[in-house]
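Colleague: Quick one: sequence plus predicted model below, questions after.
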Amino acid sequence: MMMPSGVYWVGDLCYVMRDCWEEVCELLFEGRTDYGCNQGEFQLKDGRRFSMYNTQWGDGTFESNGFSQFSVDSGSLGCILKDDITDPSADFKLGSTIDFDKEFEVSSDGGTIFFGDKVRIYTGYDEVEDDYEDDYEDEGC
C-alpha cells in the first residue's frame, strides 16, 4: 500500500497518537501469537492511515539523512498525515514534519527505515560497531 502525498509527521507515533494508542496497538498485535508485532501501513476505524515499522534495537535516538534526530520510546517509527493528528497533547518536537509531493512507500531493510526516497532513518548499529572495532583493534581495546 502506498501512502498518499501530503504533509506528514515522521517519528515515533506514540508522541502524537496518545489519544488512539490503544487502537494502534490492537492493529500492531492483531493476529499475532508470538511476541512480535505487525509492521506496514494501517488504517484506524475512523479512516486515518499511518505507517509504522520497528527499529532494529528498540528505543533510543536515531540519526537520519539530513533531517533531525528521531527519539523513540515505543521501539518503532512511522508517519501520519499531520492534519490527521487529533491528539491535543501531541509532541511534535520529537520528530519532523515533511512534505511528500508524491505518493510514497514506507519500508525497512537492515535497520534502516525508508520513507519513500526522501527520508532514511538509521536504527541499526552494526556498521557503527564494525567501524569502532576497526579503529581500536590495534590499540588493545
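Modeller: Thanks, I have the structure now.

Colleague: So which residues of this protein form helices?
Modeller: Counting by DSSP state H, the chain has helices at residues 21-29, 126-136.

Colleague: Mind telling me which of these the model trusts least?
Modeller: Set side by side, the helices of the chain give their lowest mean pLDDT on helix 126-136, at a mean of 44.

Colleague: Could you list which residues are in contact with the spatially most central residue of the chain?
Modeller: With distances taken as Cα atoms, centre = their mean, L77 lies nearest the centre of the chain, 1.4 Å away. By Cβ atoms under 8 Å, 6 or more residues apart in numbering, L77 lies in contact with V10, G11, D12, L13, M52, Y53, T55, F62, F70, I113, I121, T123. Backbone N, C-alpha and C define where each C-beta goes, glycine included.

Colleague: nearest to C20, of those residues?
Modeller: L13 (9.7 Å; Cβ to Cβ).

Colleague: Help me confirm that that closest one comes into contact with D73.
Modeller: No. Counting by Cβ atoms under 8 Å, L13 sits too far from D73 to count as a contact (10.4 Å).

Colleague: more crowded one of those two?
Modeller: L13 (25 against 12; other Cβ atoms under 10 Å).

Colleague: Determine the number of other residues adjacent to the closest residue to D73 other than its chain neighbours.
Modeller: Excluding the flanking residues, the one nearest D73 by Cβ to Cβ, 6 or more residues apart in numbering is D59, at 5.5 Å. The burial count assigned to D59 is 13, neighbours taken as other Cβ under 10 Å.
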